[in-house]
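Asks: The amino acid sequence is not available; the structure is as follows:
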């Protein structure tokens, strides 16, 4: 698919950057994390070629389409799920210990930064790539395909952050399960890019808000919890017809 190939091509400079300048703005976040905007850029380029400036404006307008979610309380209830699932193991082991005085304002700063980064992804994954795949393959298969590519796209940054293969395997499971949840949220919310972007951003904030700025994040329990939730949502949707 041209979109997938374009995403890979545009990601290459960021992977190279992280190899040359081995710095981490946050623990486990190499400079290749700047590739978060690549999915949106790829979508904009392809939409511009096919639909011109009007198409690009329409795509960008999806960024804050919160009105689509009105009257869909069940969809909104899924948004904080990422935080609950990620923090549950830490809370069970004694709570979230403050990292410093910055703990009170840092999550708000991270939420703003991660929302912008998540928007850079979801304008691509959700607003551009999902619906053509969904029309051809159905919601679940489309979610699994996007989730698999999403996980594979992160492989090089994970290796650049010196993650173990066991950690990567669990995080891959978590990533695919999260995408199934996010696609369900997207559809249930009236296809709101804003809603799925907020979920995505909160997922990142939850991980990096753990003690030692996310260095204590362990994807094992998070992956299992996300998988259970994804399976439950899929089963509920099928029973509802």
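Replies: All right, it came through fine. Just so you know, these numbers come straight off a predicted model, no measurement behind them.
Asks: How about residues contacting stretch 229-241?
Replies: With contacts defined as CB atoms under 8 Å, 6 or more residues apart in numbering, stretch 229-241 is touched by 81, 85, 139, 140, 177, 178, 180, 181, 184. Where you see a C-beta, it was placed from the backbone N, CA and C, and this is true even at glycine.
Asks: Please identify the helix or strand for the fourth one.
Replies: Residue 140 is located in helix 139-153, with elements delineated by DSSP states H and E.
Asks: Just the residues contacting the helix or strand just after that helix, thanks.
Replies: Toward the C-terminus, helix 139-153 is succeeded by helix 155-160 as the next helix or strand (DSSP H and E). Outside helix 155-160, the residues within contact range by CB under 8 Å, 6+ apart are 15, 18, 19, 22, 30, 32, 33, 35, 167, 168, 171.
Asks: in helix 155-160, what's buried?
Replies: Of the residues in helix 155-160, those scored as buried under the neighbour-count criterion (16 or more other CB atoms under 10 Å) are 156, 157, 158, 159, 160.
Asks: out of those, who's nearest residue 120?
Replies: Nearest to residue 120 out of the buried residues of helix 155-160 is residue 157 (CB to CB; 14.4 Å).
Asks: Tell me the pLDDT of the closest one.
Replies: Here, the pLDDT recorded for residue 157 equals 95.
Asks: Would you mind getting the angle between the host helix or strand of residue 224 and helix 139-153?
Replies: With elements taken from DSSP H and E, the one containing residue 224 is helix 219-240. Angular relation of helix 219-240 and helix 139-153 on a 0 to 180 degree scale: 160 degrees, by axes from the mean of the first three to the mean of the last three CA atoms, to 10 degrees.
Asks: give the contact list for residue 41.
Replies: For residue 41, the residues meeting the contact criterion (CB under 8 Å, 6+ apart) are 10, 120.
Asks: SS state for it?
Replies: Three-state secondary structure (criterion: DSSP: H, G, I helix; E, B strand; the rest coil) places residue 41 in helix.
Asks: Next, the angle from the helix or strand that contains residue 196 to helix 219-240.
Replies: Of the helices and strands defined by DSSP H and E, residue 196 is found in helix 193-208. Helix 193-208 runs at 150 degrees relative to helix 219-240, counting by the same axes, to 10 degrees.
Asks: Just list what helix 193-208 packs against, helices and strands only.
Replies: Applying 3 or more CB pairs under 8 Å, 6 or more residues apart in numbering; DSSP states H and E, one finds that helix 193-208 makes contact with helix 73-78, helix 81-92, helix 106-124, helix 165-188.
Asks: and the longest one, how far from the chain's centre?
Replies: Put plainly, it is helix 165-188. In this view, helix 165-188 has its centroid 8 Å away from the chain centroid, taken as CA atoms, centre = their mean, to the nearest Å.
Asks: Repeat that for the shortest one.
Replies: The chain centroid and the centroid of helix 73-78 are separated by 17 Å under CA atoms, centre = their mean.
Asks: I'd guessed residue 124 sits against residue 36; true?
Replies: No - between residue 124 and residue 36 no contact is recorded; they are 9.9 Å apart, counting by CB atoms under 8 Å.
Asks: quick one: which of those two has more around it?
Replies: Set side by side, residue 124 and residue 36 show unequal neighbour counts under other CB atoms under 10 Å, the larger going to residue 124 at 26 against 20.
Asks: Quick check: the more buried one vs residue 239, distance?
Replies: As judged by CB to CB, to the nearest Å, residue 124 and residue 239 stand 31 Å apart.
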